[in-house]
Structure formats: structure tokens, C-alpha cells
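Enquirer: Fold the stuff below for me.
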Amino acid sequence: MKSASLILLIIILLFITPLTSQESSITYEEAINKEIAHQYPEYYKELGRLLDDFQQELISKGVIKTGTYKQYVQVLSAISKDSTFEIFSDYAIGDTLRQLSKQVNYDHLNIMKAAPMIFFKKNAEIKSVVFNNKASQIYAEKKNLSRSDHAKLFLDVYNEADFQLPTIREQLYRFLDPNTDYILYTYIGKPTSQQ
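Expert: Numbering: from 1, shown residues only. Reported below is the predicted structural model:
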């Protein structure tokens, strides 16, 4: 009986070891992008192309001069100081990405199931969670989340390496696109019986 328990323990350890080693070498956001590339290679490739097309649209409209991180920081800084900062674009990135998702039957829930957050808890904080938590805090304090607040969140939470990831670029471009309704889901609090 003891040998069967020992063998079972060894098998469990062999299964867990690769998962914990993944935890220390990759961020959650990187894991999500890798999983998208693995499960939906056509979507991932086309996503990159569409994001590059939108970036070219921003360049052609004079919003940015180049696609460097510094340029996006300048635009986000301008928005963080002036919520009415206008961006002009004829390209609706949100509609285009929605069509792509339908075309390839992309299901983000499958991606999240394949890369559960629990394996990344010991890693640096999961930035998408930090982003949403900070947004929730701002909303709780102000009862509003302005465009300026949102731009500040991008600047506070994400760094240059993060902005290279397609999923982070997608969030940024949806936020910048004047033709797309950017929806941010945040935790506002537990329901109470009081109105």
C-alpha cells in the first residue's frame, strides 16, 4: 500500500513540476498570448496584422509618428491631462476584431481555462487584474472612471514589454479608437440590501 501511495505522489509531483516552473518564467499576460497563438494560430496571426493596420492608421492620421512605446506614452499622457484629446480614425478596430473572432470561432474563455491564474500567483502581480482593481478603486472613490483616469491606468500598470503583447495592444487600441465603444468590466463591490 505504501509503494502505491509513493508512486501516486511521484506522479503528482511530475505533473505539478512543469506547471510551477512555468509560473516563475512567464507572466500571465505572456501565457495568455502564447495560448491564443497555440489554440487559434489563424486568429493570432490575423490579430497581429489588424493591430499593425490600426497602428498605421494612427500614423497616417498624425496621432503618432512611429509605433514606438514612447509615442504611445505621449498620447496616453496627453489624454490623461485632457479627457477631450481627440483622435481621428476611419478604421474601427473593434468591429474588425469582432468579425475576426466570429470568422475563426475564437473563444477567449477557452484561453483563460488553459492558462489558469492560480499558476501565476507567485509571479509578479497579474497586470490585467491590477488594472481592473485600480479601475474599481477609482470608480469607488469618484463614482466615475473618466477617459483621463483610464489613460493613467495604462501608464501606471503596463510597461514597454507589455505593450508588445497583442492582447495589451488590442486593449490600448480599443481605448484609443474613436469608432469603438471601449467596455471595461471592473469589480465595483458586493451587492448589498441597501440602495
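Enquirer: going forward, measure contacts and count neighbours with C-alpha atoms only.
Expert: OK.
Enquirer: What count of nearby residues applies to Thr68?
Expert: Close neighbours of Thr68, defined as other Cα atoms under 10 Å, add up to 12.
Enquirer: and the residue most central in space within the chain, how far is that from Ala115?
Expert: Residue closest to the average C-alpha location in the chain (Cα atoms, centre = their mean): Ile168, at 4.1 Å. Distance from Ile168 to Ala115, counting by Cα to Cα, to the nearest Å: 16 Å.
Enquirer: before we move on, back to that, I'd say the residue nearest to the centre of the chain and Glu160 touch.
Expert: No - applying Cα atoms under 8 Å, one finds Ile168 not in contact with Glu160, separated by 10.6 Å.
Enquirer: how about the helices of the protein, start to end?
Expert: Assigned by DSSP state H, the chain shows helices spanning 2-25, 28-39, 41-60, 69-81, 93-104, 108-114, 127-142, 147-157, 166-176.
Enquirer: and these as CSV, adding distance to Ile87 and mean pLDDT?
Expert: Shown next, in CSV, are the helices of the chain (distance: least, Cα to Cα, whole Å; pLDDT from 0 to 100):
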stretch, distance to Ile87, mean pLDDT
helix 2-25, 37, 49
helix 28-39, 27, 90
helix 41-60, 8, 96
helix 69-81, 9, 96
helix 93-104, 13, 92
helix 108-114, 28, 79
helix 127-142, 22, 88
helix 147-157, 13, 94
helix 166-176, 7, 93
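Enquirer: how far away is the residue nearest to the centre of the chain from Lys143?
Expert: Counting by Cα to Cα, the gap from Ile168 to Lys143 is 26 Å.
Enquirer: again with His108
Expert: 29 Å.
Enquirer: go on, Phe131?
Expert: In terms of Cα to Cα, Phe131 sits 17 Å off from Lys143.
Enquirer: cool, Gly62 as well?
Expert: When distance is defined by Cα to Cα, Gly62 is 34 Å away from Lys143.
Enquirer: next one: Val129
Expert: 20 Å.
Enquirer: same question, Phe88
Expert: Distance, Phe88 to Lys143, using Cα to Cα: 28 Å.
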